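Undergrad: how does the following fold in three dimensions:
(chains A and B)
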Protein chains: 2
Amino acid sequence: MNHWKPVALEHASRTINHGPTVLVTSAASGRRNVMAAAWSMPVEFVPPRIAVVIDKKTFTRELVHASGTFGICIPGAALADLTYAVGSTSGRDGDKFTRFGIEAKAGPGLGVPVIETGCAAWLECRLIPEKHTEDAYDTCFGEVVAAAADSRIFQGGHWDWRPDNADLHTLHHLGGGLFVRGGDTVRAKAP
Amino acid sequence: MNHWKPVALEHASRTINHGPTVLVTSAASGRRNVMAAAWSMPVEFVPPRIAVVIDKKTFTRELVHASGTFGICIPGAALADLTYAVGSTSGRDGDKFTRFGIEAKAGPGLGVPVIETGCAAWLECRLIPEKHTEDAYDTCFGEVVAAAADSRIFQGGHWDWRPDNADLHTLHHLGGGLFVRGGDTVRAKAP
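TA: Just a heads-up that it's a prediction; the model follows:
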């Protein structure tokens, strides 16, 4: 059964609002790549815009510039090893999807490779060229043009964090392959 | 007993590497403020630089521009109500430190107000003026000039996540006052 449902664009920022480590996907001229990125954040709700740090030496950066697009896939906890693996190897040494057995499909918005198995959500983004911040801070801005999520954990624009969907709880990289997994939820009292 | 220890600047990015919701502190001309920000990330390890989204309508943004400095304090889970409260009220309506009983001290690097009680770490940052990204994306860049952490959870440049320090586990805002608390850690296998 396919649990994936589109996410309304006005809710897209919520998929990364809580700071998960993400997978950045890219493709251009018949080549494709996937890397891990701990450094990303929304910057605007509507239109949904995000920023992500992609080192200028990476193969991903090359493909993102060539295509003007990228994907953000949010791995669930069961993908910790894979997330670390694609963050520790270069796509210049061979296709990482093949090497690590990652199934990807072309996103409906931009044709960017998106990963669903084991992920909680994905975003397809159009790069907003910002030469200065890309050069100075490796910070790339993008506008989300399509989004989807696994409805077992994100539905109607909201996360639904339960013990029975723990494999889809997001990963947050502390460093060196050590992640903290999103745990229980805390409902704050209104002030 | 004071558990706070300085954090070496080359390790400062690790305090927010995993995407916690933070408190942004500021002060200028005898006024001060604190707000919550879910949207922040490191952008460089050395020198340690970060980006944080601060809406141009906020009192914080006014103080940050006036002083050229800001603080990033990382609240532990026990501060969920406070984090939501300072994120839902404006410092223009009265000093939030007084209103919510928040103890702050002047940071040793820049004199920015920093909060230690209930927080896991703090960073003192010098604003790096970037008019275009501030205007277009409310994204403010800063360089960390001093950092410290509660050694019960962060020591020697590393997080140490244990059941007995759960009150200092970081908060990650899902939206609307619902946070996910950093849970157990997952050590990924090297690829």
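Undergrad: what's the helix or strand for residue A:71?
TA: Taking DSSP states H and E as the definition, one finds residue A:71 inside strand A:69-75.
Undergrad: and the longest strand along chain A, is it in reach of chain B?
TA: Criterion DSSP state E: the longest strand present in chain A is strand A:139-150. Yes. Strand A:139-150 comes into contact with chain B (CB under 8 Å from any CB of the partner chain), by way of A:139, A:141. All C-beta spots, glycine's among them, are computed from the backbone N, C-alpha and C.
Undergrad: how close does the residue in chain A positioned nearest to chain B get to residue B:179?
TA: Proximity of chain A to chain B (CB to the nearest CB) peaks at residue A:19, 1.5 Å away. Per CB to CB, to the nearest Å, residue A:19 is found 11 Å from residue B:179.
Undergrad: just residue A:65 next, same as before
TA: 36 Å.
Undergrad: next: residue A:106.
TA: Residue A:106 is 35 Å from residue B:179, by CB to CB.
Undergrad: hmm, residue B:22 and the residue of chain A closest to chain B touching each other?
TA: No. Residue A:19 lies out of contact with residue B:22 (CB atoms under 8 Å); the separation is 9.7 Å.
Undergrad: circling back to that earlier point, the residue of chain A closest to chain B: neighbouring residues, count only.
TA: Neighbour count for residue A:19, taken as other CB atoms under 10 Å in any protein chain shown: 31.
Undergrad: does it sit in a helix, a strand or a coil?
TA: coil (DSSP: H, G, I helix; E, B strand; the rest coil).
Undergrad: so what's it closest to, chain neighbours aside?
TA: residue B:19 (1.5 Å; CB to CB, 6 or more residues apart in numbering or on different chains).
Undergrad: hmm, that neighbour is touching residue A:18, no?
TA: Yes. Residue B:19 is in contact with residue A:18 according to CB under 8 Å; the separation is 6.5 Å.
Undergrad: find residues that contact each of those two.
TA: residue B:172 (CB atoms under 8 Å, 6 or more residues apart in numbering or on different chains).
Undergrad: contacts only, for the residue of chain A most remote from its centre.
TA: Largest separation from the mean C-alpha position in chain A: residue A:191, at 32.7 Å (CA atoms, centre = their mean). Residue A:191 makes contact with B:81, B:84-85, B:88-89, B:100, according to CB under 8 Å, 6+ apart.
Undergrad: more neighbours: which of residue A:65 and residue B:179?
TA: More neighbours surround residue B:179 than the other of residue A:65 and residue B:179, with 27 against 17 (other CB under 10 Å).
Undergrad: if I look at that one, how far off is residue A:17?
TA: 10 Å.
Undergrad: any common contacting residues for these two?
TA: residue B:173.
Undergrad: residue ranges with poor pLDDT in chain A?
TA: Across chain A, no stretch falls below the confidence threshold (pLDDT under 70).
Undergrad: ok, now with 90
TA: A:1, A:190-191 (pLDDT under 90).
Undergrad: tell me if the helix or strand hosting residue A:27 is near chain B.
TA: Element membership for residue A:27, per DSSP H and E: strand A:22-28. No. Strand A:22-28 stays out of contact with chain B when judged by CB under 8 Å from any CB, the minimum separation being 9.7 Å.
Undergrad: now for the nearest residue to residue A:62 once chain neighbours are set aside: which residues touch it?
TA: Leaving aside its sequence neighbours, residue A:62 sits nearest to residue A:28 (CB to CB, 6+ apart; 7.9 Å). Residue A:28 sits next to A:62-63, A:66-67 when contact means CB under 8 Å, 6+ apart.
Undergrad: cool, residue A:137 as well?
TA: A:53, B:43-44, B:49, B:51, B:141.
Undergrad: count of neighbours near the closest residue to residue A:108 other than its chain neighbours?
TA: Spatially, and ignoring its direct neighbours in sequence, residue A:108 is nearest to residue A:146 (5.7 Å; CB to CB, 6+ apart). If you count neighbours by other CB under 10 Å, residue A:146 ends up with 20.
Undergrad: for residue A:146, give me its contacts.
TA: A:6, A:9, A:107-110, A:123-124.
Undergrad: what residues are bridge-paired with it?
TA: residue A:124 (DSSP bridges).
Undergrad: let's verify residue A:102: helix, strand, or coil?
TA: Strictly by three-state DSSP, residue A:102 counts as coil.
Undergrad: buried ones in stretch A:168-182?
TA: A:168-174, A:177-182 (16 or more other CB atoms under 10 Å in any protein chain shown).
Undergrad: can you check stretch A:63-81 too?
TA: So stretch A:63-81, judged by 16+ other CB under 10 Å, has buried residues A:63-65, A:67, A:69-81.
Undergrad: ok, which of those also contact chain B?
TA: Okay, of the buried residues of stretch A:63-81 touching chain B (CB under 8 Å from any CB), that's A:77, A:80-81.
Undergrad: ranges for the helices of chain A?
TA: A:59-67, A:80-87, A:96-100, A:131-137 (DSSP state H).
Undergrad: pick the most deeply packed of those helices.
TA: Between those, helix A:80-87 has the highest mean count of neighbours, a mean of 23, where neighbours are mean count of other CB atoms under 10 Å in any protein chain shown.
Undergrad: quick one: contacts of that helix?
TA: A:21, A:23, A:34-37, A:75, A:96, A:100, A:102, A:118, A:171, A:173, A:177, A:179, A:181, B:186, B:188-191.
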